[in-house]
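**Q** Based on what follows, work out the 3D shape:
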Amino acid sequence: MALTPSESDRLLLFLQGELARARRARGLRLNVPEATAYIADAVCEMARDGIDLPTVRERARHLLGRDDVMAEVPDLLSDVRVEARFNDGTRLVVVTDLWDVTHGDDTGSPTPESDLEIEIRNEAATAIAISSHIHLAEVNPRLRLDREAAFGRRLAVPAGTTVWLPAGESTTLPTTQLRGDRVVVGNTGVVEGSVDDPAVRERALAALRRCGYLDVVGGAEVNDLAQADSAVARLVADRRGTPS
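**A** Residues are numbered from 1 along each chain as shown. Next comes the predicted model:
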């Protein structure tokens, strides 16, 4: 598979971020390259989730604390700069004041309180990731869940984290309401408005089902894997700008 230079750079950053996360999980304090990759990768993922630049920048400041890094790191690392792809284009994100804020118990943001658990089944042949701030009703077409119940919600996990669901397995995950102005733009492109607007909600759910997203309505399963595969193919074609 041929990758563009920017795609190759993104994969390298992801691997560096994964290494940093693994070492931090083992209780190691991060050095400068590890702390930089940890923050930069999280910034790119939050941007990919559709979060706006000011919010991404503010959340990134809370990702690591002084206790997470080697003693000399705060003196050597004053800011982190990374180009991230947002819904409205690629932007340079500069994260400053890294060590002058409090941080949460995992990624720097407190875990949001869960107020609803939703069962999700992966019907694909490979594992699928669900990132912390993706609008849950619009997740991968091959994940079967009650998308109406998931509308206007995200996983109740710390910002910047990802939950992996193995192929063929089901799990029940905690969710919470989207915060802020509760306007979703981008992702699949079917919402493009306030998740609290009944007309937007009805139109978006109908579009997802029509496109083949696996769903559960009134306890009954809607669509099959072949339709979900077609939905994935259309998404890939749309992102590449080629006909599906």
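
**Q** I'd like the distance between residue 148 and residue 179.
**A** Distance from residue 148 to residue 179, counting by Cβ to Cβ, to the nearest Å: 20 Å. Where you see a C-beta, it was placed from the backbone N, CA and C, and this is true even at glycine.

**Q** Run through the strands of this protein in chain order.
**A** According to DSSP state E, the chain carries its strands in the segments 79-86, 89-96, 116-122, 128-131, 143-144, 153-155, 162-165, 170-177, 183-184, 193-194, 215-217, 220-222.

**Q** Need those strands in CSV (columns: distance to residue 71).
**A** Shown next, in CSV, are the strands of the chain (distance: least, Cβ to Cβ, whole Å):
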stretch, distance to residue 71
strand 79-86, 19
strand 89-96, 20
strand 116-122, 41
strand 128-131, 32
strand 143-144, 43
strand 153-155, 34
strand 162-165, 30
strand 170-177, 36
strand 183-184, 42
strand 193-194, 47
strand 215-217, 51
strand 220-222, 55
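
**Q** what's the closest of these to residue 24?
**A** Using Cβ to Cβ as the measure, strand 162-165 is the one of the strands of the chain that comes nearest residue 24, at 14.8 Å.

**Q** I figured residue 43 hits residue 60, correct?
**A** Yes - judged on Cβ atoms under 8 Å, residue 43 makes contact with residue 60 at a distance of 5.2 Å.

**Q** quick one, phi psi at residue 214?
**A** Dihedral angles of residue 214 (phi, psi; degrees, to the nearest 10) stand at phi -70, psi 130.

**Q** distance of it from residue 178?
**A** 22 Å.

**Q** Tell me which of the two has more neighbours.
**A** Shown here are residue 214 and residue 178; by other Cβ atoms under 10 Å, residue 214 has more neighbours (27 against 18).

**Q** mind listing what the nearest residue to the more buried one once chain neighbours are set aside touches?
**A** What sits nearest to residue 214 in space, not counting adjacent residues and going by Cβ to Cβ, 6 or more residues apart in numbering, is residue 144, at 3.8 Å. Neighbouring residues of residue 144 by Cβ atoms under 8 Å, 6 or more residues apart in numbering: 120-121, 123, 214-216, 221.

**Q** cool, and residue 98?
**A** 39, 61, 64, 74, 77-80.

**Q** So what does it have for phi and psi?
**A** The phi/psi pair for residue 98 (degrees, to the nearest 10) is phi -70, psi -30.

**Q** Could you report the pLDDT at it?
**A** Residue 98 is assigned 87 on the pLDDT scale.

**Q** Ok, the one 10 residues further on next?
**A** Among the per-residue scores, residue 108 shows a pLDDT of 43.

**Q** likewise the one 3 residues further on?
**A** Residue 111 is assigned a pLDDT of 57 by the prediction.

**Q** Equivalent analysis for the one 5 residues further on, please.
**A** According to the prediction, residue 116 has pLDDT 91.
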